[in-house]
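Undergrad: Quick one, fold the following:
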Amino acid sequence: MSIQEQGPGFALRPMRGEDLAAVGAVERAAYAYPWSDEIFQDCLRVGYCCWVGEIARDIVAHGIMSVAVGECHIFNLCVHPRCQRQGLGRALLRHLLSLALKRKADTAFLEVRASNSGARALYVSEGFCEIGTRRKYYPAGKGREDATVLAKELRSPDFGEGV
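TA: So this is what the prediction gives:
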């Protein structure tokens with residue numbers, strides 16, 4: 001199994017079942033409303049692209065994506081709070097988009113909390129554009145929060161590599 005180096009000490013590899021406890025710990029550290037371990041287990045079971053990012057064999061990031069019918073959907077991109085703002089999320093995002101392109105996806109989609117300005121800035125800087133809003137999509141402290149829907153064309157109009 002090939003581990004891809006993404007920067008000093010940061011490596012990406014496919015997620016395995018034995019990673020779920022560590023992935024869940026990162027998720028709970030980063031989000032007030034984290035995914036359950038069962039959701040991650042289901043993502044592995046159905047064959048989504050599930051990756052982890054490690055520093056010194058310590059899982060500090062994870063990403064989940066589906067690819068089908070010319071589209072990819074990034075469901076989850078998470079970096080432990082102590083490792084944020086170091087380029088790890090960007091490296092993981094670029095890796096997922098590269099995999100999507102290899103699997104013949106033309107367009108990438110994702111949702112992000114309207115209030116998550118850091119993630120929104122990352123996605124926009126990587127070429128994502130806002131295409132809509134999903135009202136009351138995420139749980140929030142007082143009710144529900146909107147999600148901003150973003151998309152990115154992965155191939156240029158002349159069908160060249162885009163990412």
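Undergrad: Tell me, how many residues neighbour the residue lying closest to Ser125 once chain neighbours are set aside?
TA: Nearest non-adjacent residue to Ser125, counting by C-beta to C-beta, 6 or more residues apart in numbering: Arg90, 8.0 Å away. Using the backbone N, CA and C atoms, a C-beta is placed for each residue, glycine as well. Here the count is done by other C-beta atoms under 10 Å, and Arg90 has 17 residues near it.
Undergrad: which residues sit in contact with Glu71?
TA: For Glu71, the contact set (C-beta atoms under 8 Å, 6 or more residues apart in numbering) comprises Ala105, Asp106, Thr107, Ala108, Phe109.
Undergrad: hang on, the earlier thing: how about the residue nearest to Ser125, secondary structure?
TA: Classification of Arg90 using DSSP: H, G, I helix; E, B strand; the rest coil returns helix.
Undergrad: Could you list which residues are in contact with it?
TA: Contacts of Arg90 (C-beta under 8 Å, 6+ apart): Leu122, Ser125, Glu126.
Undergrad: re the thing from before, out of the contacts of Glu71, what pair is the most spread apart?
TA: Farthest apart among the contacts of Glu71 by C-beta to C-beta are Asp106 and Phe109. That separation is 11.1 Å.
Undergrad: Looking at those two, which one has more neighbours?
TA: When Asp106 and Phe109 are compared for neighbours, Phe109 comes out ahead with 19 against 15, by other C-beta under 10 Å.
Undergrad: Fine, thanks again, bye for now.
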